[in-house]
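[1] Would you be able to build a 3D model of this:
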Amino acid sequence: MKYHNSRWHLTKSERMSDKTLRHIIELERSELTPIDETNYHLFYFDGEFGNDQNDGKTSDTAKKTLNEAMRIIKEVSKVKLLFKRGTTFEGNFEIKDYWASEEYPLIIDAYGNGARYPKFIGNQSVIHIMGSNVRVFNIEVTGVTATRGIHITPITTGALKNVVIANCYVHDINFNWDHKKDSYYKDPDTIELEKVCPEYEEDGVTKGRYHYRWNGGIIAHNEIGPSWFENVWFINNIIKNVARTGLTLYNKWTDKPGVGYGYNKWVGYHFENDITTGLGYFVSKNIYCIDNYVETVGGDGIVMSSANNVLMRGNICYYANYLGRKGYWNGGIWVYNVSNCLFEYNEAAYTYKRHGSEDAQGFDIDNACQNVLMRYNYAHHNEGGGLLCCNLKTGFVLRDEKGEVILNDGTETIIKETGRWFNNYIYKNYFRNNGIPTDSYRSAFLTIAREVTYSTFKNNIVVLSPEIHAQSIINTEDMQTHSYELDFVNNVFYASKKTGATFTIPMMHTSRFQNNKYHLIDSIDSEQSGEKLITLQEFIGNLIDIPNRDIFDRHNKAQENLKNFMSYISKGGFIS
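    Residues are numbered from 1 along each chain as shown. This is a model prediction of the structure:
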């Protein structure tokens, strides 16, 4: 990188190449490797009629308790545990000190007919995975006093690898819901947040069950290290009524400019890492988040962070930030500090911005992101706006390559540097009726916060809410810095009536608006062409109403909507 007046500039070789773009697109071809279960040892568990004195080798001789399951995985290799649908297992399932390999992972699954799942009820971390090579399928996980439903965390240094969580139903975790009405239909202004998920201060420090970001539904994060995650899959899970976060993977060993916290010792972009000293940057790799459905979560919906090669595909999030409050910044579906990410076919809707909470956009490409291809996504009715693109300047202690602190007159040197947010491509997404009438700065399309650079916004369509007067279509925040080298090309900005909508972009420098289309909105383009717009009703009319039934009906219909959307835009998109 070249530096000039504290602003860094991409060299020609650092721009996103066709090769990089092809690599990102190839992520959608990623498939989970099947397992040959021929030589597996099967053990059956029946929470109602099982008996731990049985051998567990058939459904008629099933064992009963999680304690017995934990004993077996420590003593037997090539194990598949099967839990009977419709029965309940109480206690915490700790998955550690077991034998497994990439070829023969530990498998946990369901058997039987009738009910959808076997149910695990616990506290703290209901299912706690503390090692590599584990696959969990078709389990219901709950616990009002629990802090995490399914928790994945390393207990040694190095990579935690090859974990799959698929087709699970995680609900009512750290979320004390005592109302008769389903939270999906109850406005958060009518509930007492502290009763559902409390927060408090002690000696001036904010504490409580809501405060900790890594409480929630399915949580992968690391404390011990240096450590990171590799080849982790989250597929087709349903998550409801959890706090604070629905689904996340977060790596605490990746501090660098723009990140601002972490246990590693940053010494520069040129130095990858040294696991023996904790020097460098221990990035996670190959993270797949596919077809998950999240609704009414206390804070963030789905967040993947601090990783290279990330696939975010086909996820749906409704009513994120349901328990949001002053001093918290939450959103629907977003990425943070990632590179080489394919973010496609996701839907984020109805994210709340209540009780003094901030952000509340549907999507977010957050701090220090680069090489993100965001395409074919749908954001609507998010009170904080459609999309947030933001970045930070953070401080870190200057060290030499041995990790020693560099002193200046006996004092450690603190360097402040902006994260490198660049080479992101936002293409053919649909933003509809985002914002809130009580705050016109909540943008219909895009909020840019701080130094967001060298990226393209192309062929997106933005439909404004007719209920919001003088709404910002694009809004730049933070008057202390600015974004630059952004291209807005061939987008559609559509209003059904004149509302005085504006582009509020005083901090956007050296950026270009070309060949965009405007309907009842004043143009700010430097160039325009006469291409014809498609009829918006062509797509909007294909959406089906989400049924007023249970979460499984909503999940199925929401996925059907999303498939219709995927089919539509893959045939050419919004502009003909």
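
[2] Neighbours of residue 162, how many?
    Here the number of neighbours of residue 162 (other Cβ atoms under 10 Å) works out to 22. For glycine as for every other residue, the C-beta is placed from the backbone atoms N, C-alpha and C.

[3] mind listing what it touches?
    Contacts were defined as Cβ atoms under 8 Å, 6 or more residues apart in numbering; by that measure residue 162 touches 102, 105, 132, 133, 134, 230, 231, 232.

[4] gap between it and residue 32?
    If you measure residue 162 against residue 32 using Cβ to Cβ, to the nearest Å, the figure is 10 Å.

[5] can you check residue 425 too?
    When Cβ to Cβ is applied, the distance between residue 425 and residue 32 equals 27 Å.

[6] which of those two has more neighbours?
    Residue environment comparison for residue 425 versus residue 32 gives the larger neighbour count to residue 425, 18 against 13, counting by other Cβ under 10 Å.

[7] So what's the residue count around residue 348?
    Residue neighbour count, defined by other Cβ under 10 Å, stands at 30 for residue 348.

[8] Report the contact partners of it.
    Counted by Cβ under 8 Å, 6+ apart, residue 348 has contacts 301, 316-317, 320, 331-333, 362-363, 377-379, 382.

[9] so what's it bridging to?
    residue 317, residue 379 (DSSP bridges).

[10] Residue 487 too?
    Taking DSSP bridges, one finds residue 456, residue 512 as the beta-bridge partners of residue 487.

[11] That one contacts residue 515, correct?
    No - using Cβ atoms under 8 Å, residue 487 is not in contact with residue 515; the gap is 10.5 Å.

[12] Who has more neighbours out of these two?
    Legend: neighbour count by other Cβ under 10 Å for residue 487 and residue 515, higher for residue 515 (17 against 14).

[13] isn't the more buried one right next to residue 525, touching?
    Yes - in terms of Cβ under 8 Å, residue 515 counts as a neighbour of residue 525; the distance is 6.9 Å.

[14] And the pLDDT for residue 509?
    Confidence per residue is given as pLDDT, and for residue 509 that number is 84.

[15] in terms of contact, does it touch residue 484 like I think?
    Yes - taking contact to mean Cβ under 8 Å, the distance of 4.6 Å between residue 509 and residue 484 places them in contact.

[16] So which of those two has more stuff around it?
    Comparing residue 509 with residue 484 by neighbour count (other Cβ under 10 Å), the higher total belongs to residue 484, at 16 against 13.

[17] contacting residues for that one?
    Residues counted as contacts of residue 484 (Cβ under 8 Å, 6+ apart) are 7, 451, 453, 508, 509, 510, 511.

[18] could you measure the last one against residue 385, distance?
    Shown here: residue 511 relative to residue 385, a distance of 19 Å by Cβ to Cβ.

[19] Over to the fourth one?
    To residue 385, residue 508 is 16 Å away according to Cβ to Cβ.

[20] Those two: which is more packed in?
    Neighbours per residue, other Cβ under 10 Å: of residue 508 and residue 385, the larger number sits with residue 385, 33 against 19.

[21] how far out from the middle of the chain is the helix or strand harbouring residue 289?
    When secondary structure is defined using DSSP states H and E, the element that contains residue 289 is strand 284-290. Taking Cα atoms, centre = their mean, to the nearest Å, one finds the center of strand 284-290 at 11 Å from the center of the full chain.

[22] can I have it written out in PDB, keeping just the CAs?
    The C-alpha atoms that make up strand 284-290 are tabulated as PDB, following Å, rounded to 0.1, in the frame of the first residue of the first chain:
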ATOM      1  CA  SER A 284     -10.500 -18.000  10.100                       C
ATOM      2  CA  LYS A 285     -10.900 -19.700   6.800                       C
ATOM      3  CA  ASN A 286     -13.700 -21.300   4.700                       C
ATOM      4  CA  ILE A 287     -16.900 -20.400   6.600                       C
ATOM      5  CA  TYR A 288     -20.300 -21.300   5.100                       C
ATOM      6  CA  CYS A 289     -23.500 -19.800   6.200                       C
ATOM      7  CA  ILE A 290     -26.400 -21.200   4.000                       C
END
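
[23] And the contacts of that strand?
    By Cβ under 8 Å, 6+ apart, the list of residues contacting strand 284-290 reads 30, 32, 228-236, 247, 249, 251, 254, 302, 304, 306-315.

[24] Tell me who's in contact with the closest residue to residue 97 other than its chain neighbours.
    Spatial nearest neighbour of residue 97, excluding adjacent residues (Cβ to Cβ, 6 or more residues apart in numbering): residue 74 at 5.3 Å. When contacts are counted by Cβ under 8 Å, 6+ apart, residue 74 is found next to 97, 98, 99.

[25] State the distance from residue 74 to residue 407.
    When distances are taken as Cβ to Cβ, residue 74 and residue 407 turn out to be 49 Å apart.

[26] do the same with residue 285
    Using Cβ to Cβ, one obtains 35 Å as the distance from residue 285 to residue 407.
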